[in-house]
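1. with the input below, show me the fold.
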Amino acid sequence: MVERRRTRGVDFEWDIVYQALKTSGVSDDKLTQRNPKLVECSTHTDLDNAKKAIDNVPKSLWGYAKHSDETDVIGQAVVGIPEPKTDIIFGENNEYRVSVKMDGSIQLASGEGTSSAKMLNAAMSEYLQQFNGTKDHTMEDIIQRIEGMPTKSIDLKNFEKAKTKRPKLFETMLDEQGNLYPFYDWKKWEKENKKKINDYLAIYTANNPEFLYILIDEALTGKRTFGEKNLATANYIITPTEFVKIDSEYVKKVAKGTKITVRAKSRKGITSAALRFDYTNTP
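-> Numbers count the residues shown, from 1 in each chain. Modelled structure (predicted):
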């Protein structure tokens with residue numbers, strides 16, 4: 001089983017599980033025996049938000065809480081397959097497969113090129129089948145550009161940082177003269193692709209709301225990728241302020257406030273691109 005790298009968001013997931021079990025009457029000793037991570041949560045900074053989150057969950061479900069890392073949800077890491085949407089689970093029979101989101105603006109999904117292209121192709125295939133649409137050749141080109149988004153590149157302003165922090169990888173990205181190979185040049189890829197992708201996705205989703213609905217539904221649930229009943233497929237969302245089923249009305253609401261863009265993320269001087277779905281709840 002593959003566990004995700006620790007982040008504030010992952011800590012918050014464990015906080016919710018800890019608070020649910022603790023509040024339902026499970027002792028720290030039993031929690032430690034089950035998984036030491038659960039008691040480690042008592043030192044986290046988001047416990048108050050976790051308490052607010054579980055207050056929205058029926059009390060009858062608290063004692064069944066578990067983190068996805070305690071199940072087979074994550075499984076083995078597979079290139080091109082998005083991360084499971086389920087973060088925590090409630091219910092005796094795993095009925096509530098829950099995606100955890102922090103407060104404020106919500107990141108529905110953030111995927112590298114291969115997984116994002118698969119999601120877009122799955123949404124497009126369903127859209128064309130359900131609504132008898134015709135293939136959009138420009139969209140096909142956009143999806144190909146997304147599939148080719150760099151996973152390892154260097155923004156020249158981070159040249160020295162990459163050289164210091166990732167020396168072995170850095171060496172493979174230079175030619176014999178010590179210059180960065182063009183296909184590792186983040187700014188070159190960005191100039192040729194980013195604006196085209198962002199602009200066209202904005203236009204296409206605005207003009208094809210049925211496609212946008214399918215795409216947002218997939219970004220929220222993952223059911224086309226994993227299967228509707230799979231543990232990896234989410235059917236609820238939890239935040240510090242709500243516990244809500246992902247139904248058609250929720251998807252429509254989220255679709256209205258979601259912006260889909262290519263964004264760069266850098267770590268130790270190495271830049272990669274991701275297709276991000278950012279939702280801002282507006283009244």
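
2. which residue ranges of the protein form strands?
-> Secondary structure of the chain (DSSP state E): strands at 66-67, 88-90, 96-100, 106-111, 236-238, 243-245, 258-267, 270-279.

3. closest to residue 12 out of those?
-> Closest approach to residue 12 among the strands of the chain is made by strand 96-100 (6.2 Å; Cβ to Cβ). All C-beta atoms are positioned from the backbone trio N, CA, C, and that covers glycine.

4. the closest one pairs with which strands, parallel or anti?
-> When pairing is defined by DSSP bridges, strand 96-100 lines up against strand 88-90 (antiparallel), strand 236-238 (parallel).

5. and the residue lying closest to residue 26 once chain neighbours are set aside, how many neighbours?
-> Among residues not flanking residue 26 along the chain, residue 63 sits closest, at 7.0 Å (Cβ to Cβ, 6 or more residues apart in numbering). If you count neighbours by other Cβ atoms under 10 Å, residue 63 ends up with 14.

6. separation between residue 281 and residue 193?
-> Using Cβ to Cβ, to the nearest Å, residue 281 is found at 30 Å from residue 193.

7. who's more crowded, the two?
-> The neighbour comparison of residue 281 against residue 193 (other Cβ under 10 Å) goes to residue 193, with 18 against 14.

8. and the more buried one, how close does it get to residue 180?
-> 17 Å.

9. do residue 254 as well
-> Distance from residue 254 to residue 180, by Cβ to Cβ: 39 Å.

10. repeat for residue 249
-> For residue 249, the distance to residue 180 equals 49 Å [Cβ to Cβ].

11. more neighbours, the two?
-> Remark: of residue 249 and residue 180, residue 180 carries more neighbours, 18 against 10, as counted by other Cβ under 10 Å.

12. got a list of what the more buried one touches?
-> By Cβ atoms under 8 Å, 6 or more residues apart in numbering, the contact set of residue 180 is 154, 156, 159, 173, 174.

13. for residue 278, same thing?
-> Contacts for residue 278 were tallied using Cβ under 8 Å, 6+ apart; they are 105, 106, 107, 108, 258, 259, 260, 261.

14. sorry, back to before: and the strands paired with strand 96-100 as CSV, adding mean neighbour count?
-> Output for the strands paired with strand 96-100, formatted as CSV (neighbours: other Cβ atoms under 10 Å):
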stretch, mean neighbour count
strand 88-90, 25
strand 236-238, 24
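
15. so where's the stretch 151-283 of the chain shaky on pLDDT?
-> By pLDDT under 70, the weakly predicted segments of the stretch 151-283 of the chain are 282-283.

16. just the helices from it, written as ranges.
-> Using DSSP state H, counting those that start in this stretch, the helices of the stretch 151-283 of the chain run over 159-165, 167-172, 186-189, 195-207, 209-221, 223-226, 248-256.

17. tell me which of those helices lies nearest to residue 140.
-> Of these, nearest to residue 140 by Cβ to Cβ is helix 195-207, at 11.1 Å.

18. packing partners for that closest one?
-> Helices and strands touching helix 195-207, by 3 or more Cβ pairs under 8 Å, 6 or more residues apart in numbering; DSSP states H and E, are helix 137-147, helix 209-221, strand 258-267.

19. cutoff 10 Å now
-> Applying 3 or more Cβ pairs under 10 Å, 6 or more residues apart in numbering; DSSP states H and E, one finds that helix 195-207 contacts helix 137-147, helix 209-221, strand 258-267, strand 270-279.

20. out of those, nearest to residue 95?
-> helix 209-221 (14.6 Å).

21. can you pull the buried residues of the closest one?
-> Buried residues in helix 209-221, defined by neighbour count with 16 or more other Cβ atoms under 10 Å: 211, 212, 213, 214, 215, 216, 217, 218, 219, 220, 221.
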